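Student: Predicted structure and sequence below. I'll ask about it afterward.
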Amino acid sequence: NAGVTQTPKFQVLKTGQSMTLQCAQDMNHNSMYWYRQDPGMGLRLIYYSASEGTTDKGEVPNGYNVSRLNKREFSLRLESAAPSQTSVYFCASTSDRTTYEQYFGPGTRLTVT
Amino acid sequence: AQRVTQPEKLLSVFKGAPVELKCNYSYSGSPELFWYVQYSRQRLQLLLRHISRESIKGFTADLNKGETSFHLKKPFAQEEDSAMYYCALSDAGGFKTIFGAGTRLFVKA
């Protein structure tokens, strides 16, 4: 049981390049999330997926797109990376709405030059 | 607006001293409140949630609706408590969780 996994762990992009961050969970969770973590700002929700087939914007969705490929996988895409998107990205999942506990992945450190 | 405020970026205490990490929130409704912790080189993980009224690793947190606070307390800090602590709030649906900026706790020997 690996929990929540993310790939890659590190990535360096040039401005304007695109990439997809992958996230998968093996806990049969319905809800999945993408956050970014910036110094002094905590975690901010980018997008979330309450269940397979649905996605919704969070607090900071601009410049990102997501796909809930199936119940296990939730990917985050940067179509045209900008230096402001330099951050650590965390994927998380929730078992159900009665506990609200979020399980986090190890994070992806992205640098855009 | 929904907001979680952790006024201290860094808190440094001596081993054995009491510790209190402050958290204030702004939310129009009945929120679910949590404390998450991130130890060095480990994933962010849930420490405790207000609804279960439990004590984890000696930490407790009481929800004070009048003061809109959810401070995390431990009577005797240990070196292994050194970590980054985040206070978080979930809306009624549980889908949107708002995190505070975090407080780094450093427990000195």
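Tutor: That came through fine.
Student: Identify the bridge partners of the residue most central in space within chain A.
Tutor: What sits nearest the mean C-alpha location of chain A, by CA atoms, centre = their mean, is residue A:34, with 2.8 Å. Residue A:34 has these beta-bridge partners by DSSP bridges: residue A:47, residue A:91.
Student: so how far is residue B:83 from it?
Tutor: According to CB to CB, to the nearest Å, residue A:34 and residue B:83 sit 23 Å apart. The way it works is simple: take the backbone N, C-alpha and C, and place the C-beta from them, glycine included.
Student: ok so, going back, just the pLDDT for the residue nearest to the centre of chain A.
Tutor: With respect to pLDDT, residue A:34 scores 97.
Student: cool, residue B:105 as well?
Tutor: 98.
Student: interface residues of chain B facing chain A?
Tutor: Counting by CB under 8 Å from any CB of the partner chain, chain B comes close to chain A at B:4, B:6, B:9, B:32, B:34, B:36, B:43-46, B:49, B:86, B:90, B:93-102.
Student: Buried members of those into PyMOL, please.
Tutor: In PyMOL syntax, the buried subset of the residues of chain B next to chain A is picked out as below (16 or more other CB atoms under 10 Å in any protein chain shown):
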select buried, chain B and resi 4+6+32+34+36+43+44+46+49+86+90+94+95+96+97+98+99+100+101+102
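Student: quick revisit: who touches the residue nearest to the centre of chain A in this structure?
Tutor: By CB atoms under 8 Å, 6 or more residues apart in numbering or on different chains, the residues touching residue A:34 are A:21, A:23, A:45-48, A:58, A:64, A:66, A:74, A:76, A:89-92.
Student: Any idea how many residues pack against residue 23?
Tutor: No chain specified, so I'll use chain A. Residue A:23 has 25 neighbours, counted by other CB atoms under 10 Å in any protein chain shown.
Student: was after chain B, sorry
Tutor: Per other CB under 10 Å, the neighbour tally for residue B:23 reads 27.
Student: how far away is it from residue B:90?
Tutor: As judged by CB to CB, residue B:23 and residue B:90 stand 14 Å apart.
Student: And for residue B:97?
Tutor: For residue B:97, the distance to residue B:90 - CB to CB - is 5 Å.
Student: Which neighbours do the two have in common?
Tutor: What both residue B:97 and residue B:90 touch, as defined by CB under 8 Å, 6+ apart, is the set A:100, B:34.
Student: before we move on, back to that, show me the residues of chain B next to chain A that map onto strands.
Tutor: Judged by DSSP state E, the subset of the residues of chain B next to chain A located in strands is B:4, B:32, B:34, B:36, B:45-46, B:49, B:86, B:90, B:97-99.
Student: I'd like the residues you listed as CSV, with distance to residue B:71 and pLDDT appended.
Tutor: As requested, those are exported to CSV (distance: CB to CB, whole Å; pLDDT from 0 to 100):
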residue, distance to residue B:71, pLDDT
B:4, 12, 94
B:32, 16, 87
B:34, 13, 93
B:36, 15, 95
B:45, 20, 93
B:46, 17, 91
B:49, 14, 87
B:86, 14, 96
B:90, 18, 87
B:97, 19, 85
B:98, 17, 89
B:99, 16, 92
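Student: so where is chain A shaky, pLDDT-wise?
Tutor: When residues are selected by pLDDT under 70, those of chain A lie in A:97-99.
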